[in-house]
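Visitor: Attaching a predicted model along with its sequence, questions to come.
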Amino acid sequence: MEEVTVAVRGISLNVLVDGPVDGTPVLLVHGNCSAAAFWRPLLRHLPPHLRIVAPDLRGYGNSEAAPVDATRGLRDFSDDIAALLDHPEIFGSGGRRITLAAHSMGCGVAMQLLVDQPARWHALLLEAPLSPYGFGGTHGLDGIPLKDFAGTGGGAANPDFVRRIAAGDRSGDEPTSPLAVLRTAYVADPASLGDDEQLLLDTVLSTAIGDDNYPGDSKPTDTWPGIAPGDRGVLNTMAPNHFNVAEALVAVEPKPPITWVRGDRDAIVSDTSFFDLAYLGKIGAVPGWPGEEAAPPQPMVSQTRAVFERYGPYAEVVLANCGHSPHVERPTEVAAELLRLL
């Protein structure tokens with residue numbers, strides 16, 4: 001693949017591109033604590049006639065670590081990508097409908113792009129998407145918010161994991177080291193990382209750290225567990241007070257088809273997510289949990305299914321014994337789903 005630097009909205013984005021500029025256009029949007037190179041296990045299984053475009057989002061990979069305004073939800077990321085689409089180096093003359101594939105947080109960026117520019121997309125492949133109601137802080141199939149949206153945002157990150165990213169820690173000895181998290185949370189089977197392990201770790205360690213990037217700031221609250229979303233940085237972009245596209249998704253016209261791919265052993269996006277402080281409280285991993293009525297875990301997968309059923313043209317593909325990154329663990333199957341959409 002070729003790397004190009006493109007100026008959009010006053011910042012520079014690093015973009016991986018491959019295939020003929022007039023080839024069938026495919027846009028890949030990576031997730032949190034990741035970068036465009038996280039797609040490389042999938043790219044080996046795609047045919048050469050495709051025009052693949054995979055940007056590093058701001059604050060990841062080799063893109064500029066520009067501040068992230070979380071009050072806009074994920075729109076700082078989605079607006080950057082929207083500005084990229086018609087650049088002549090990217091998709092040639094532009095104007096063509098694009099197939100959009102995204103992973104994890106990137107699926108939230110994709111949902112925002114679908115809401116803002118529905119006519120641009122041929123189809124979407126959403127892999128391990130966060131709920132359309134945001135990450136954490138809601139309950140029920142219709143995303144009823146918890147008081148103060150407590151337990152979400154920048155304060156919900158593990159501080160030792162954040163510190164180790166900032167230090168460039170490549171060890172795997174501690175459970176909060178980036179390599180250990182890659183092996184245990186990103187995938188169900190660490191052996192699936194294979195020879196790509198260090199490359200994928202590089203993408204995790206590329207994450208810009210700080211209040212304006214990852215994880216972001218937080219605010220105190222009297223509601224358990226004592227943290228509420230701030231207004232800056234990555235994790236606050238997904239907090240449900242800033243990101244909630246459920247009703248807008250349902251109302252989108254035209255409606256390109258969506259293929260939703262997920263692993264049945266996903267530790268991050270799940271109705272029993274180990275990254276949801278309410279669920280961790282319920283199982284005793286975070287002290288002081290006030291109970292199911294005050295702080296129920298978020299049914300992330302069930303919420304997504306309920307919204308997609310209202311949306312219309314979608315298919316749910318569940319991969320057995322697979323974790324949060326199906327394109328890493330099962331790249332041939334994910335490639336087949338993407339090519340089916342094409």
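Guide: Arrived safely.
Visitor: any weak-confidence spans in the chain?
Guide: Along the chain, segments meeting pLDDT under 70 span 94.
Visitor: Next up, the contacts around the residue sitting nearest the centre point of it.
Guide: Centroid-nearest residue in the chain, with Cα atoms, centre = their mean: residue 105, separated by 1.5 Å. The contact partners of residue 105, taken as Cβ atoms under 8 Å, 6 or more residues apart in numbering, are 31-32, 74, 130, 234, 238. Using the backbone N, CA and C atoms, a C-beta is placed for each residue, glycine as well.
Visitor: can you check residue 53 too?
Guide: Residues counted as contacts of residue 53 (Cβ under 8 Å, 6+ apart) are 15-17, 25-28, 84, 90-91.
Visitor: is it true that it lies in a strand?
Guide: Yes - counting by DSSP: H, G, I helix; E, B strand; the rest coil, residue 53 is found in a strand.
Visitor: one step back: taking the contacts of residue 105 one by one, which sit in strands?
Guide: Residues of those located in strands (DSSP state E): none.
Visitor: among these, which are in helices?
Guide: residue 234 (DSSP state H).
Visitor: neighbour-wise, which of the contacts of residue 105 leads?
Guide: Neighbour counts for those, by other Cβ atoms under 10 Å, peak at residue 234, which reaches 29 neighbours.
Visitor: So it is in contact with residue 68, correct?
Guide: Yes - using Cβ atoms under 8 Å, residue 234 makes contact with residue 68 at a distance of 5.8 Å.
Visitor: Do a quick rundown of the helices in the protein.
Guide: 40-43, 75-84, 88-91, 105-116, 159-166, 178-181, 197-205, 234-237, 246-251, 277-282, 300-311, 326-329, 331-341.
Visitor: So for residue 5, which of these sits nearest?
Guide: When the helices of the chain are compared by Cβ to Cβ, helix 88-91 sits nearest residue 5, at 9.8 Å.
Visitor: Give me the contact list for the closest one.
Guide: For helix 88-91, the surrounding residues in contact (Cβ under 8 Å, 6+ apart) are 4, 6, 15, 17, 21, 25, 51, 53, 84-85, 94, 98.
Visitor: What about the residues you listed, which are in strands?
Guide: 4, 6, 15, 17, 25, 51, 53, 98.
Visitor: Quick check: ChimeraX command selecting the buried ones in those.
Guide: In ChimeraX syntax, the buried subset of the ones in strands among the contacts of helix 88-91 is picked out as below (16 or more other Cβ atoms under 10 Å):
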select :6,15,17,25,51,53,98
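Visitor: Specify which member of the ones in strands among the contacts of helix 88-91 is nearest to residue 227.
Guide: residue 15 (34.8 Å).
Visitor: hmm, back to that, got JSON lines for the ones in strands among the contacts of helix 88-91, with distance to residue 311 too?
Guide: Converted to JSON lines, the ones in strands among the contacts of helix 88-91 look like this (distance: Cβ to Cβ, whole Å):
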{"residue": "4", "distance to residue 311": "34"}
{"residue": "6", "distance to residue 311": "31"}
{"residue": "15", "distance to residue 311": "29"}
{"residue": "17", "distance to residue 311": "30"}
{"residue": "25", "distance to residue 311": "23"}
{"residue": "51", "distance to residue 311": "27"}
{"residue": "53", "distance to residue 311": "25"}
{"residue": "98", "distance to residue 311": "19"}
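Visitor: Could you find the closest non-adjacent residue to residue 218?
Guide: Of all residues not flanking residue 218 in the chain, residue 155 sits nearest, at 3.0 Å (Cβ to Cβ, 6 or more residues apart in numbering).
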